[in-house]
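Chemist: Structural data only, the sequence is not supplied:
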């Protein structure tokens, strides 16, 4: 991840860095230490420094495995624009710090307090309700990461198909999506891949369980095809 990408975050946390809140001891560390150091705002969310560090370690391990699975299918420059669609504390993005990528971290609007953690780590982020469309240009992202996102919106009574269509809108041709979710959800999504033309390359694995694993999870990695003109126009 390129440090220069995160410079605008000073707009959000600059008051702390300038010492406005010195009395609260909230001065942030410089880049890149702030990326992995527990930020002061964790206390506001009731998250311990140990839990934060554990989250970092887990996502570091998960990202290593993701790239290992995709190694044969990607090049050094395959990914530039990345979105973590359910970013939690930003661990996925932080684990990409050695990759030449830009990451948009999306926090559920119901957990908007975590956006402060994203900013304090020097990352870019926003809040969003994935039952609605996301405000961005079509075909903006090379890689989408969705951790338990489909299970969450299903609880809200929203459409999994609509979310997949929205992901298809913002994912570039030959772009990848990493979907980590419950086995039943992944099995359902797999049935829809041919209709989306997301079956250019697929890989599925039962991941190693860790402290963030909830039940029987699967990791599904897919690559989107470039739609052929003959498929669009039968004539």
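Modeler: In hand now; what should we look at? Computed from a predicted structure; not experimentally measured.
Chemist: hmm, which helix or strand of this structure has the shakiest average pLDDT?
Modeler: Within the chain, no helix or strand scores below helix 10-17, which has a mean of 41 by mean pLDDT, DSSP states H and E.
Chemist: Report the buried residues of the following helix or strand past that helix.
Modeler: Later in the chain than helix 10-17, the nearest helix or strand by DSSP states H and E is helix 33-36. Buried residues in helix 33-36, counted by 16 or more other Cβ atoms under 10 Å: 34, 35, 36. For every residue, glycine as well, the C-beta is placed using N, CA and C.
Chemist: would JSON lines of these with distance to residue 204 and pLDDT be doable?
Modeler: Below are the buried residues of helix 33-36 laid out as JSON lines (distance: Cβ to Cβ, whole Å; pLDDT from 0 to 100):
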{"residue": "34", "distance to residue 204": "36", "pLDDT": "94"}
{"residue": "35", "distance to residue 204": "31", "pLDDT": "96"}
{"residue": "36", "distance to residue 204": "30", "pLDDT": "95"}
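Chemist: gap between stretch 44-55 and the chain center?
Modeler: Mean C-alpha position of stretch 44-55 versus that of the full chain (Cα atoms, centre = their mean, to the nearest Å) differs by 19 Å.
Chemist: ah, wrong one, I meant stretch 82-94
Modeler: 4 Å.
Chemist: now do the same end-to-end measure for it.
Modeler: With Cα to Cα, to the nearest Å applied, stretch 82-94 spans 12 Å between its terminal residues.
Chemist: Counting residues, name the longest strand you see in this structure.
Modeler: Under DSSP state E, the strand in the chain containing the largest number of residues is strand 171-182.
Chemist: So for that one, what gets flagged as buried?
Modeler: 171, 172, 175, 176, 177, 178, 179, 180, 181, 182.
Chemist: quick one: the residue most central in space within the chain from residue 179, how far?
Modeler: When the chain is reduced to its mean C-alpha position, the closest residue under Cα atoms, centre = their mean turns out to be residue 84, at 1.3 Å. The spacing between residue 84 and residue 179, counted by Cβ to Cβ, to the nearest Å, is 12 Å.
Chemist: what do you get for residue 59?
Modeler: Distance from residue 59 to residue 179, by Cβ to Cβ: 16 Å.
Chemist: Please state the backbone phi and psi of residue 104?
Modeler: Backbone torsions for residue 104, taken as degrees, to the nearest 10, come to phi -100, psi 120.
Chemist: got it, and residue 122?
Modeler: Per-residue torsions, residue 122: phi 90, psi 20 (degrees, to the nearest 10).
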